[in-house]
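J.: predicted model and sequence below, questions to follow.
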Amino acid sequence: MKALTVLQPWAQLLMVGGKRHEIRTWKTNYRGPLFIHAGLTFTQAARARCARAPLRALLAQAGIHYSADLPRGALLGTITLEDCVPTEQFLYTGAAGCDGSMADFQPGRWAWIMSNPQLLEAPFPYRGQLGVFEVPERVVSSE
């Protein structure tokens, strides 16, 4: 199954439905289910954002009260990649669900539209990679 590494807190927010778009500087032709992998990197700026609105409330609703509780270096669950569209489509059409506090929708980027998040019972430790990568079937079936 395909997977995508996303840094925290964005990975967790995708998986709990608090975020529906992942903004990237590149697009993919892949559509369908993919694992969301929480990357190891967790900057001080990202930690600080977790303590402020709206992230603090969204994380608290998901049972995460401290940034240190966010899993890293693990598969969190699956999500469906519906489409990749230029961010200008959101900026100039006022598309519903475009939340500027959750992502940088500046021109020249791509909005990966996500739906149907399904959290694993527990994060599954796994090494991430750049780009859309393949998680071997043996790993997927051992969960």
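T.: Alright, I've got the coordinates.

J.: list the buried residues of the longest strand along the chain.
T.: In the chain, taking DSSP state E as the definition, the longest strand is strand 110-125. By neighbour count on 16 or more other C-beta atoms under 10 Å, the buried set for strand 110-125 is Trp110, Ala111, Trp112, Ile113, Met114, Pro117, Leu119, Leu120, Pro123, Phe124. Using the backbone N, CA and C atoms, a C-beta is placed for each residue, glycine as well.

J.: my read is that the first one contacts Glu88, right?
T.: No - at 10.1 Å, Trp110 and Glu88 do not qualify as touching, with contact defined as C-beta atoms under 8 Å.

J.: list the pairing partners of the longest strand of the chain within its sheet, with orientation.
T.: strand 21-24 (antiparallel), strand 74-86 (antiparallel) (DSSP bridges).

J.: run the chain-centre distance for that strand.
T.: 7 Å (C-alpha atoms, centre = their mean, to the nearest Å).

J.: about what we covered before: if we take the buried residues of strand 110-125, which one ends up nearest to Gly63?
T.: Leu119 (10.7 Å; C-beta to C-beta).

J.: give me the spatial nearest neighbour of the closest one, chain neighbours excluded.
T.: In this structure, Leu119 finds its nearest non-sequential neighbour in Gly77, 4.1 Å apart by C-beta to C-beta, 6 or more residues apart in numbering.

J.: quick one: contacts for the one you found?
T.: Met15, Phe35, Ile36, Pro117, Gln118, Leu119, Leu120 (C-beta atoms under 8 Å, 6 or more residues apart in numbering).

J.: columns pLDDT and distance to Pro136 on top of these, output as CSV?
T.: Shown next, in CSV, are these (pLDDT from 0 to 100; distance: C-beta to C-beta, whole Å):
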residue, pLDDT, distance to Pro136
Met15, 96, 21
Phe35, 97, 11
Ile36, 98, 17
Pro117, 97, 22
Gln118, 97, 19
Leu119, 95, 21
Leu120, 94, 16
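
J.: that'll do, ta.
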